[in-house]
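Q: sharing a model prediction with you, sequence too.
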Protein chains: 2
Amino acid sequence: MKIAILGGTGSLGKGLASRWIKAGHDVLIGSRDLPKAQEIAVQLGLESSSGMLNIDAAKICEIACLTVPFAHQESTLISIDDGLQNKIMIDATVPLMPPKVMRVQLPEIGSAALNAQSILGEQTTVVSAFQNISAELLQTDAEIDCDVLVAGDFLDARNTVIELAADAGLTGWHAGPLCNSVAAEALTSILIAINKKHSLAHSGIKITGH
Amino acid sequence: MKIAILGGTGSLGKGLASRWIKAGHDVLIGSRDLPKAQEIAVQLGLESSSGMLNIDAAKICEIACLTVPFAHQESTLISIDDGLQNKIMIDATVPLMPPKVMRVQLPEIGSAALNAQSILGEQTTVVSAFQNISAELLQTDAEIDCDVLVAGDFLDARNTVIELAADAGLTGWHAGPLCNSVAAEALTSILIAINKKHSLAHSGIKITGH
């Protein structure tokens, strides 16, 4: 599958890219900085031409994944114009508000995923996922002891994202409609708090009872 | 410890009560319905006098735990007057809005826990916990494969609740300030969705990475 990582030069973007490249997907590294996108593409073992501006990656991909910090979510999505119409966009954005990253602070619309859907409009299917996965571990071959909550309003789109999670070595779960993304987004602050208070490096969550 | 279960005649209340009784705590069953409270107290192996009105249980307890449905949270807390001043109240309320219980629907103030704190005022220390635990399993001796996210603004109070979780056979985690309760409250709808979509009976979450 031709996957554009929008914000693919950050640590989460590089982590997901490396896992999906290994799984055989055709990965495009998108950035607002073309030379940087090309440099990271080469670092990941791709042709330098797989690094491109976000707008170009969005246009030619089959599916996109947004991995920018919350502060850049809106400007990035506006910059890609209508390149994502009739496509799925996976939103991995966590609404962290530095410096208080251990405090859940949700955007007024309810969640980062709902914010993305509102910016992109209904021609794009937003599915949220990957908010709780360590970007550092994704960049290694390590087995990751953390599941993926997949929220979205359409079953088929959630299934696609659950398959992509599996390709990255992760178990994805149907977490209900897109508005439920708030749980996964809020959990990231919880996991940061747990890391600090319980002296852990990479706390995560696993769904039990199966 | 003398623990009042406010709404102790419901399934979550009975579950927590039975576990804390086994752990040796002095448990009071509170209800708005006195005969029902006395009946459940006897069912749980207590004297009938351990069943009482919520207002009386609140007055004489050292610590309280609220286990009513969200629709009754406000009326219950108002009814106990100032019985919880200078005490910890554990809020287990999940803001489910039937019939759409698989859809996260948070109260305007942000979470049920913040709602409780706002009603009780700052003389009571609200700590939120136990939103994700199966009431059905709590009423058995089964080992429960689900952790407890403990949110509250005071470290000592969170520690007390983490100890009470351990007494109920559960692992509690410091989940940060009370506003972070939103993660655990939202997770309940996710777990209901996962139960349905993945055909599970009692999905839960475990914190990993330790």
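A: Structure received. Just so it is clear, the model here is predicted, and its values are computed rather than measured.

Q: how about the contacts made by the residue nearest the centre of chain A?
A: Centroid-nearest residue in chain A, with CA atoms, centre = their mean: A:A92, separated by 2.9 Å. By CB atoms under 8 Å, 6 or more residues apart in numbering or on different chains, A:A92 lies in contact with A:12, A:16, A:65-67, A:128-131. In this view, the C-beta of every residue, glycine as well, is placed from N, C-alpha and C.

Q: rerun that using 10 Å as the cut-off
A: A:5-7, A:12-13, A:16, A:65-68, A:112-113, A:128-133, A:135, A:148, A:184-185 (CB atoms under 10 Å, 6 or more residues apart in numbering or on different chains).

Q: same check, this time on A:A58
A: A:4, A:6, A:28, A:30, A:52, A:64, A:66, A:76-77, A:79-85, A:87, A:89, A:124.

Q: and for A:S181?
A: So A:S181 contacts A:91, A:93-94, A:110-117, A:126-129, A:131, A:149-152, A:175, B:104, B:186, B:190 (CB under 10 Å, 6+ apart).

Q: now with 7 Å, please.
A: By CB atoms under 7 Å, 6 or more residues apart in numbering or on different chains, the contact set of A:S181 is A:111, A:113, A:128, A:151.

Q: which one among those gets closest to chain B?
A: A:A151 (8.0 Å; CB to the nearest CB).

Q: how many neighbours does that closest one have?
A: 31 (other CB atoms under 10 Å in any protein chain shown).

Q: how far does whatever helix or strand it lives in sit from the chain's center?
A: Per DSSP states H and E, A:A151 falls inside strand A:148-152. In terms of CA atoms, centre = their mean, to the nearest Å, the gap separating the centre of strand A:148-152 from the centre of its chain is 11 Å.

Q: what angle separates the longest helix along chain A from helix B:181-197?
A: The residue-count maximum for a helix in chain A (DSSP state H) belongs to helix A:181-197. In terms of direction (axes from the mean of the first three to the mean of the last three CA atoms, to 10 degrees), helix A:181-197 departs from helix B:181-197 by 120 degrees.

Q: in helix A:181-197, which residues are buried?
A: A:181-195, A:197 (16 or more other CB atoms under 10 Å in any protein chain shown).

Q: do stretch A:15-27 as well
A: Those would be A:15-21, A:23, A:25, A:27, for stretch A:15-27 by 16+ other CB under 10 Å.

Q: same list (these) but as CSV, adding distance to B:S48, pLDDT and secondary structure.
A: Shown next, in CSV, are the buried residues of stretch A:15-27 (distance: CB to CB, whole Å; pLDDT from 0 to 100; DSSP: H, G, I helix; E, B strand; the rest coil):
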residue, distance to B:S48, pLDDT, secondary structure
A:G15, 60, 98, helix
A:L16, 60, 98, helix
A:A17, 65, 98, helix
A:S18, 64, 98, helix
A:R19, 60, 98, helix
A:W20, 63, 98, helix
A:I21, 68, 98, helix
A:A23, 63, 98, coil
A:H25, 66, 98, coil
A:V27, 68, 98, strand
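
Q: which of those lies closest to A:L170?
A: The nearest member of these to A:L170, counting by CB to CB, is A:R19 at 8.4 Å.

Q: might one say that the closest one is in contact with A:A165?
A: No - applying CB atoms under 7 Å, one finds A:R19 not in contact with A:A165, separated by 9.6 Å.

Q: circling back: looking at the buried residues of stretch A:15-27, spot the one nearest chain B.
A: The closest of the buried residues of stretch A:15-27, once distances to chain B are taken by CB to the nearest CB, is A:G15, at 16.1 Å.

Q: who are the contact partners of that closest one?
A: A:135, A:138-139.

Q: who wins on neighbours among those residues?
A: A:L138 (23 neighbours).

Q: which residue packs closest to that residue, ignoring adjacent ones?
A: A:G15 (2.6 Å; CB to CB, 6 or more residues apart in numbering or on different chains).

Q: do A:K59 as well
A: A:G83 is the one closest to A:K59 (CB to CB, 6+ apart), at 4.1 Å.

Q: one more: A:R103?
A: Using CB to CB, 6+ apart, the closest residue to A:R103 is B:P177 (5.8 Å).

Q: how much space separates the one you found from B:A186?
A: Using CB to CB, to the nearest Å, B:P177 is found at 16 Å from B:A186.

Q: what parts of chain A come near chain B?
A: A:102-104, A:145-146, A:149, A:173-177, A:179-180, A:182-183, A:186-187, A:189-190, A:193-194, A:197-198, A:200-210 (CB under 7 Å from any CB of the partner chain).

Q: no further queries at this time; thank you.
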